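[1] From the sequence below, what's the structure:
(chains A and B)
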There are 2 protein chains.
Amino acid sequence: MSGRDFEGWMGEVQARIEAALARLLPAAHIAPSRLHEAMRYAVLGGGKRVRPLLCFAAGELSEAAPERLEAAAAAVELIHAYSLVHDDLPCMDDDVLRRGKPTVHVEYDEATALLVGDALQSLAFQLLSEIQGDPVRQLEMVRLLAIAAGSRGMAGGQQIDLESTGKALTLPELEFMHIHKTGALIRAAVLLGAACGREMQTKEKAQLDRYAKAIGLAFQVVDDLLDAEASTATLGKTAGKDSKQGKPTYVSLLGTARSRELAHELRADAHAALQPLGARAARLAALADFVVLRKF
Amino acid sequence: MSGRDFEGWMGEVQARIEAALARLLPAAHIAPSRLHEAMRYAVLGGGKRVRPLLCFAAGELSEAAPERLEAAAAAVELIHAYSLVHDDLPCMDDDVLRRGKPTVHVEYDEATALLVGDALQSLAFQLLSEIQGDPVRQLEMVRLLAIAAGSRGMAGGQQIDLESTGKALTLPELEFMHIHKTGALIRAAVLLGAACGREMQTKEKAQLDRYAKAIGLAFQVVDDLLDAEASTATLGKTAGKDSKQGKPTYVSLLGTARSRELAHELRADAHAALQPLGARAARLAALADFVVLRKF
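    As a prediction, the model looks like this:
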């Protein structure tokens, strides 16, 4: 697959998920308008849509129908979007810039931002419950996303993050935090995408899981590198805030050079995990490269 | 059914749901401990458990198995508990007392309270996805709860509440707010309880829905009366805060006497809705009385 192919595919999926989200979010004229407008502000028109891309790429492995992938990818992206809105609140990271725009609590107000996050989470589960298909599989998807989002997944990772600010973590502790904070939802994106198609073999699922874990950590290592090196303008969010807030990162723990090496090792591991899955895994492989080599 | 019978049944259901919640919430020793401890603090050891009671009472109509009712009731109660935690935050109602104890953000901190609410919502959907039974029905329950909790249900009601503070609402506007803010989840408790048993006829469901709507509004009217009249000590939460915050209430709009009349009219309507459902609706009828006649 050429790089050009991949970029074309990526653009298509991004456009498709943007249209799906615009359609699935309540219209801004429906009461309560301000809440619906703020939900749309939080979700639409921004972001690389890495999780939807992973979801669609994993769907190629199981020959999933695009309409089902659309709803699953939208559900995962809504959970991601809600977590950003809550994470930006003054009592958390207190950030004013996200995807190049004022954060939701700055553009609207804190209480509305709180409710935006709450309502986006509910909507994610509503979408999963409405996908047409095998109901046993659908329920399993609800369960998978609920666990990934909850106290033993993403929300738990945020809590560990809170508690580790200003502390010196060991590498295993840092990894434990990120497996929860970022890794759980990235893994859910991959597994939900695969679950939209034919039933996969246990062995295939295990390979996919290994891929998802590698890519989840790689994503975070690269995020830390970008936060340390890029400017606010290219990131679209406040740069350098990790070190300012005394947050432990891969860069603060391992230094830039070793962090970059680690990202490439994780990328190699992701590729190795895909190897037994054959040609259908090509999009996932290309996404591993995209995640590690991205500059923004 | 004698009053004594009802009180005994109520005590049994309350003990049962308390035990179920204690079992279904992550143990406090599981990492992240502070989050799990705070989730347990937010949910356990308090509250009248009105929604679980409604869920169990509705389950008698459809001869639902207690184990299924337990999980459904727990899911609804987790959504309710999360909404209280977020509602008490400084950016919302800024309250320090709930169920006779310091609110979660006072006992822990704001960021933890935010994550407690987020994680409780995820757990609610996880529980619904794990109930044994007809998967089509389970998915319908996920959908019902997601809609009731979301922007066109409870979270939407909170937003309308935010925007109406300090404003003079008309009675229809006040009703619109409460149908969302409190009514949607109370309705979900009733419908989820019924959905745990045999398939009900469309006509039965319509009667149940009418009951649920009446009881949802009655609950709010009585809440407004109690807020205006009771003391902080008997309420276990800050009394008189509605008028202090300039919030429109039934009492501020209609006065005490007319509000009390309205509560009794809604109770009569709830009874009328149950009438065609026969003897199996006795618990729901008794709950209508309990909701309207409660003093705490």
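
[2] so after the helix or strand of chain A with the lowest mean pLDDT, what's the next helix or strand?
    Sorting the helices and strands of chain A by mean pLDDT, DSSP states H and E puts helix A:232-235 at the bottom, at a mean of 64. Per DSSP states H and E, the first helix or strand lying C-terminal to helix A:232-235 is helix A:241-244.

[3] The next helix or strand after that next one: which residues count as buried?
    Past helix A:241-244, further along toward the C-terminus, the next helix or strand under DSSP H and E is helix A:250-274. Under the neighbour-count criterion of 16 or more other Cβ atoms under 10 Å in any protein chain shown, helix A:250-274 has A:250-254, A:259-260, A:262-263, A:266-267, A:269-271, A:273-274 buried. All C-beta spots, glycine's among them, are computed from the backbone N, C-alpha and C.

[4] same check, this time on stretch A:32-51
    Buried, per 16+ other Cβ under 10 Å, within stretch A:32-51: A:32, A:34-43, A:47, A:49-51.

[5] Out of these, which comes closest to A:T238?
    The closest of the buried residues of stretch A:32-51 to A:T238 turns out to be A:G47 (Cβ to Cβ; 15.9 Å).

[6] how close does the residue nearest to that closest one when sequence neighbours are not counted get to A:I186?
    Nearest non-adjacent residue to A:G47, counting by Cβ to Cβ, 6 or more residues apart in numbering or on different chains: A:R99, 5.8 Å away. From A:R99 across to A:I186, the span is 18 Å (Cβ to Cβ, to the nearest Å).

[7] between the helix ranked longest in chain A and helix A:250-274, how many degrees?
    When chain A is scanned for its longest helix (criterion: DSSP state H), the result is helix A:202-229. Counting by axes from the mean of the first three to the mean of the last three Cα atoms, to 10 degrees, helix A:202-229 lies at 150 degrees to helix A:250-274.

[8] so A:T249 makes contact with A:E229?
    No: shown here, A:T249 and A:E229 do not form a contact pair, counting by Cβ atoms under 8 Å, at 11.6 Å.

[9] Going by how many neighbours each has, rank those two and give me the top one.
    Neighbours per residue (other Cβ atoms under 10 Å in any protein chain shown) separate A:T249 from A:E229, with A:T249 holding more: 20 against 14.

[10] For that one, give me the pLDDT.
    On pLDDT, A:T249 comes in at 91.

[11] Excluding chain neighbours, what is closest to it?
    Closest to A:T249 by Cβ to Cβ, 6+ apart is A:D224, at 4.0 Å.

[12] Just the pLDDT for the residue nearest the centre of chain A.
    Most central in chain A under Cα atoms, centre = their mean is A:R51, positioned 4.4 Å from the mean C-alpha point. Per-residue pLDDT puts A:R51 at 97.

[13] Please identify the helix or strand for it.
    Here A:R51 is assigned to helix A:50-61, by DSSP H and E.

[14] who's in contact with that helix?
    Contact with helix A:50-61 is made by A:10, A:13-14, A:17, A:66, A:68-69, A:72-74, A:76-77, A:80, A:185-186, A:189-194, A:196-197, A:200, A:204, A:208, A:212, A:215, A:219, A:277, A:280-284, A:286-287, A:290-291, as judged by Cβ atoms under 8 Å, 6 or more residues apart in numbering or on different chains.

[15] ok, now stretch A:246-263?
    Here stretch A:246-263 makes contact (Cβ under 8 Å, 6+ apart) with A:161, A:164-169, A:171, A:174, A:218, A:220-222, A:224-225, A:227-229, A:242-243, A:292.

[16] just stretch A:92-112 next, same as before
    Outside stretch A:92-112, the residues that reach it (Cβ under 8 Å, 6+ apart) are A:34-35, A:38, A:41-42, A:45-47, A:84-90, A:113, A:116, A:158, A:162, A:232, A:236-238, A:241, A:245, B:91-92, B:111, B:114, B:159, B:162.

[17] about what we covered before: quick one: which two of the buried residues of helix A:250-274 are the most distant?
    A:S252 and A:L274 (30.9 Å).

[18] returning to what we had before: please report the distance of the residue nearest to the centre of chain A from A:Q220.
    Distance from A:R51 to A:Q220, by Cβ to Cβ: 14 Å.

[19] Counting neighbours, show which residues of stretch A:237-246 come out buried.
    A:K237, A:T238, A:A239, A:K241, A:D242.

[20] In TSV, list the residues you listed along with distance to chain B and pLDDT.
    Below are those laid out as TSV (distance: Cβ to the nearest Cβ, whole Å; pLDDT from 0 to 100):
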residue	distance to chain B	pLDDT
A:K237	19	70
A:T238	18	72
A:A239	22	67
A:K241	16	71
A:D242	17	71
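
[21] Please render these as TSV that adds distance to B:L127 to the earlier fields.
    Shown next, in TSV, are the buried residues of stretch A:237-246 (distance: Cβ to Cβ, whole Å):
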residue	distance to B:L127
A:K237	34
A:T238	37
A:A239	40
A:K241	36
A:D242	35
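
[22] Between the residues you listed, which sits nearest B:A124?
    A:K237 (30.5 Å).

[23] Next up, the contacts around that closest one.
    Contacts of A:K237 (Cβ under 8 Å, 6+ apart): A:D95, A:L97, A:R98, A:R99, A:G100.

[24] one step back: just the buried ones from the contacts of helix A:50-61, in ChimeraX syntax?
    To isolate the buried subset of the contacts of helix A:50-61 in ChimeraX, counting by 16+ other Cβ under 10 Å, use the following:
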select /A:10,13,14,17,68,69,72,73,74,76,77,80,185,186,189,190,191,192,193,194,196,197,200,204,208,212,215,219,277,281,282,283,284,286,287,290,291
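
[25] Looking at the contacts of helix A:50-61, which are in helices?
    A:10, A:13-14, A:17, A:66, A:68-69, A:72-74, A:76-77, A:80, A:185-186, A:189-194, A:204, A:208, A:212, A:215, A:219, A:282-284, A:286-287, A:290-291.

[26] Just give the number of residues close to A:L89.
    A:L89, neighbours per other Cβ under 10 Å, totals 22.

[27] Model confidence score at it, please.
    pLDDT, A:L89: 98.

[28] same question, the one 5 residues further on
    At A:D94 the predicted local confidence, pLDDT, stands at 94.

[29] what residue ranges in chain A score low on pLDDT?
    Applying pLDDT under 70 to chain A flags residues A:1-4, A:231-235, A:239-240, A:296.

[30] rewinding a little: skip the chain neighbours and tell me the closest residue to the residue nearest to the centre of chain A.
    Closest to A:R51 by Cβ to Cβ, 6+ apart is A:A189, at 4.0 Å.

[31] Would you quantify the distance from the one you found to A:R280?
    In terms of Cβ to Cβ, A:A189 sits 17 Å off from A:R280.

[32] now swap in A:H264 and tell me
    24 Å.

[33] just A:L128 next, same as before
    For A:L128, the distance to A:R280 - Cβ to Cβ - is 24 Å.

[34] again, but for A:A38
    39 Å.

[35] got it, and A:S33?
    44 Å.

[36] Good, wrapping up.
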